[in-house]
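*Asks:* My questions are about this predicted structure, shown below with the sequence.
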Amino acid sequence: MITEAINFDVIEWQSPLHGARFKAYQQEGRQIRLVEFTNEFVEPDWCKNGHIGYVLEGTLEIDFRGRVVIYPPGSGIFISPGSDNAHKGRSVTPVVRLILVEEQN
């Protein structure tokens, strides 16, 4: 068994899209990400990946093709992968920070 204490302070931010950035630690086919969205973030496509996470601060809104779910601070997130769960997230507050645990693609 491998155990790690993950120090996000030493991991560099990656910014794949305007208004979004993350820090990721990967091991054994999984990753844990510290994610930050600003209210300027616009998701270009429907995400079909699965996510398990926790909202640290701010409020996240996730649109499941017309069914909108609000995740305030302290909310857990569980989204199964696949087209049936395609979604787009956005920050309702100026900034939302969350932790996501995912299978690596």
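*Replies:* Now that the structure is in, tell me what you want to look at.
*Asks:* And residue 52, how close does it get to residue 62?
*Replies:* 13 Å (CB to CB, to the nearest Å). To be clear about C-beta, it is placed using only N, CA and C from the backbone, and glycine gets the same treatment.
*Asks:* Between these two, which is the more surrounded one?
*Replies:* residue 62 (19 against 16; other CB atoms under 10 Å).
*Asks:* Would you check that the more buried one makes contact with residue 91?
*Replies:* No - in this structure, residue 62 is not within contact of residue 91 by CB atoms under 8 Å, at 10.8 Å.
*Asks:* Next, show the common contact partners of residue 52 and residue 62.
*Replies:* When contacts are counted by CB atoms under 8 Å, 6 or more residues apart in numbering, residue 52 and residue 62 are jointly contacted by 77, 79.
*Asks:* Quick check on residue 65: phi, psi?
*Replies:* Phi and psi for residue 65, reported as degrees, to the nearest 10, are phi 50, psi 50.
*Asks:* burial count for it?
*Replies:* There are 12 residues near residue 65, going by other CB under 10 Å.
*Asks:* quick one: it from residue 38, how far?
*Replies:* Look at residue 65 and residue 38: by CB to CB, they are 24 Å apart.
*Asks:* Would you mind pulling up the elements that the one helix or strand residue 63 maps to packs against?
*Replies:* If you go by DSSP states H and E, residue 63 is part of strand 60-64. Packed against strand 60-64 by the contact rule (3 or more CB pairs under 8 Å, 6 or more residues apart in numbering; DSSP states H and E) you find strand 67-71, strand 76-79, strand 88-91.
*Asks:* let's see 10 Å
*Replies:* Strand 60-64 sits against strand 67-71, strand 76-79, strand 88-91, strand 95-103, with contacts defined as 3 or more CB pairs under 10 Å, 6 or more residues apart in numbering; DSSP states H and E.
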